[in-house]
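Trainee: Need a 3D model of the sequence below.
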Amino acid sequence: QVQLVESGGGLVQAGGSLRLSCAASGRTFSSYGMGWFRQAPGKEREFVAAISWSATTTYYQDSMKGRFTISRDNAKNTVYLQMNSLKPEDTAVYYCAASRSLSSTRYYIASWYDAWGQGTQVTVSS
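Mentor: As a prediction, this is how the structure comes out:
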């Protein structure tokens, strides 16, 4: 099973950008679908974006389409989340997750992910 470590969070002004990274350990990273979720204080964890093992398919929460881009580099065992035009409501802890069974019908369901990182804080000031 992979182990995941996120980085790249921080404080940014509204309209700014951040790129989150998630480094995975293990030789089987390329066989996992990967996702990003976030959790704001007092709210449930919500799906942000996901990418298939081959990077040929990506999924986004509707409110993030056009602002966020998920990508991966299997040679570096890393998945990225580029976030542009950030809004104060994007403030949350962002988690990356790995799934052996990512599919078009359950990519947004947290329980289908097998491994999680510890999270990285993103704060967007107005």
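Trainee: host element of the most centrally placed residue in the chain?
Mentor: Centroid check for the chain by CA atoms, centre = their mean gives residue 36 as the closest residue, at 2.1 Å. Using DSSP states H and E, residue 36 sits in strand 33-39.
Trainee: Please spell out which residues along that strand are buried.
Mentor: Across strand 33-39, burial judged by 16 or more other CB atoms under 10 Å covers 33, 34, 35, 36, 37, 38. C-beta here means a position set from N, CA and C on the backbone, and glycine is covered the same way.
Trainee: Just give the closest residue to the first one, not the sequence neighbours.
Mentor: Okay, so that is residue 33. Among residues not flanking residue 33 along the chain, residue 102 sits closest, at 2.5 Å (CB to CB, 6 or more residues apart in numbering).
Trainee: if I read this right, the one you found contacts residue 56, doesn't it?
Mentor: No - if you go by CB atoms under 8 Å, residue 102 and residue 56 don't touch, sitting 11.7 Å apart.
Trainee: of those two, who's got more company?
Mentor: Neighbours per residue (other CB atoms under 10 Å) separate residue 102 from residue 56, with residue 102 holding more: 21 against 7.
Trainee: Could you look up the SS state of the more buried one?
Mentor: Following DSSP: H, G, I helix; E, B strand; the rest coil, the label given to residue 102 is coil.
Trainee: thinking again about what came up before, so who does the residue nearest to residue 33 touch?
Mentor: 32, 33, 34, 35, 50, 52, 53, 112 (CB atoms under 8 Å, 6 or more residues apart in numbering).
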